[in-house]
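Colleague: need a structure here:
(chains A and B)
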Amino acid sequence: MNPNLAEENLQTIRLLMERSAIYRRALAPVMLLAGVLGLAAAAVGLCCHLESPHAFAALWLGTAGLAITAAFVLTRRQALKDHEPFWSPPTCRVAQALLPPLLSGCFLGALLALLSDHGTVDFPMAVVWLLFYGCALHAAGFFMVRGIKWFGWIFIVGSMLLMLFVTALSAQVGPPVANGVMGFFFGGLHLAYGVYLYFTESKISAA
Amino acid sequence: MIHEKGRLAIMSMLAAAPELSFTELRDTLGMTDGNLTTHIRALQQEGYVAVAKSYQNNRPLTTCSLTAAGRIAFTEYINLLEQIVRQNKPH
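Modeller: Residues are numbered from 1 along each chain as shown, chains lettered A, B, ... in the order given. Coordinates of the predicted model:
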């Protein structure tokens, strides 16, 4: 066999092996839905003045639960439409990567809400959630399209910068800011990424 | 048998996953139903691929996986390719 052909075959094999291990469901609908839910939750938090840690945690943990359920339903529908099993090996890997940081973030956030009844804890709670969500996305990104890892980094770096900024200014950050931050990251960023994926996803998967 | 481009692609994908559905293979490789069926049948006859038919939510589901013989043949083919590449690399 021609050595160039052998090398080319090896590259093709590597590429296909990587591709078969990657999660391929369309992410645009999930991101758009998460974005809309995030913005709606921020609007509810700001308009209804949900400022106590308990109300803040209930609002955003409830929204997270709703978003996860909706994402589950959407991806299951996609799998059924494509005549494919929902719990495919890539789906299991993504779920296993997401679960530990998501659970840890929810647990820490809920703990902060339980330990304090003062509104100043809302902002640290938001930062903790951003950080752990970013870690979850980054971990899942190993089994998904490359952009997810970068999306995770935005949450991780964003949460760190926010914390640094607030600490450096020694500013007292109130609950409205926490709702705004959550709305921007979980609503705005998901929506923006969803719109980007909507226009590019089919091209990426075809490449 | 594995050397053919289409069959090599199927074997490569199955080597990285415990099992894959017919539609996953078809969509990822951009093959037609007929083309993929022909290749899978050839690999099945050689004993390299196992095909399982089941039902999921009242819909037929066909899944393919590599057999032990298929995995050995695939590994041997990769070793051969690597050997060819190594032998022709300038020292």
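Colleague: which residues are there in chain A that come within reach of chain B?
Modeller: When proximity is defined as CB under 8 Å from any CB of the partner chain, chain A approaches chain B at A:1, A:3, A:6-7, A:9-10, A:12-13, A:16-21, A:24, A:80, A:82-85, A:88-90. In this view, the C-beta of every residue, glycine as well, is placed from N, C-alpha and C.
Colleague: can you tell me which helix in the chain is longest?
Modeller: With no chain named, the answer covers chain A. Across chain A, the longest stretch assigned as helix under DSSP state H is helix A:53-81.
Colleague: oops, wrong one, chain B.
Modeller: Chain B, longest helix under DSSP H: helix B:68-87.
Colleague: could you find the closest non-adjacent residue to the most centrally placed residue in chain B?
Modeller: Central residue of chain B (CA atoms, centre = their mean): residue B:11, 2.2 Å from the mean position. Among residues not flanking residue B:11 along the chain, residue B:74 sits closest, at 5.1 Å (CB to CB, 6 or more residues apart in numbering or on different chains).
Colleague: residues near that neighbour, how many?
Modeller: Neighbourhood size, residue B:74 [other CB atoms under 10 Å in any protein chain shown]: 19.
Colleague: in this structure it contacts residue B:7, no?
Modeller: No: Residue B:74 lies out of contact with residue B:7 (CB atoms under 8 Å); the separation is 10.4 Å.
Colleague: and the longest helix of chain A, how far out from the chain middle?
Modeller: For helix A:53-81, the separation from the chain centroid amounts to 11 Å (computed by CA atoms, centre = their mean, to the nearest Å).
Colleague: helix or strand right after it?
Modeller: Using DSSP states H and E, the next helix or strand after helix A:53-81 towards the C-terminus is helix A:89-115.
Colleague: can you tell me how far residue A:34 is from residue A:182?
Modeller: Distance check for residue A:34 against residue A:182: by CB to CB, to the nearest Å, it reads 12 Å.
Colleague: which among the residues of chain A next to chain B count as buried?
Modeller: Neighbour counting with 16 or more other CB atoms under 10 Å in any protein chain shown marks A:6-7, A:9, A:13, A:16-17, A:19-20, A:24, A:83-85, A:88-90 as buried within these.
Colleague: got the contact list for the residue nearest to the centre of chain B?
Modeller: Contact partners of residue B:11, counting by CB atoms under 8 Å, 6 or more residues apart in numbering or on different chains, are B:2, B:43, B:48, B:49, B:66, B:70, B:73, B:74, B:77.
Colleague: the second one: which element?
Modeller: Taking DSSP H and E as the criterion, the element that holds residue B:43 is helix B:33-45.
Colleague: the helix or strand following that helix pairs with which strands?
Modeller: On the C-terminal side of helix B:33-45, the nearest following helix or strand under DSSP H and E is strand B:49-56. Applying DSSP bridges, strand B:49-56 is found paired with strand B:59-66 (antiparallel).
Colleague: get me the contact residues on chain B for chain A.
Modeller: Within chain B, the positions near chain A by CB under 8 Å from any CB are B:8-9, B:12-24, B:27-29, B:56-57, B:59-61, B:63, B:78, B:80-82, B:84-85, B:87-88.
Colleague: low pLDDT regions in chain B?
Modeller: For chain B, applying pLDDT under 70 flags the ranges B:90-91.
Colleague: same thing but 80
Modeller: Along chain B, the model assigns pLDDT under 80 to residues B:1-3, B:18, B:56-59, B:88-91.
Colleague: and what of chain A?
Modeller: Where chain A drops to pLDDT under 80, the residues are A:1-3, A:18-26, A:51, A:81-86, A:88-89, A:116-120, A:145-146, A:169-175, A:201-207.
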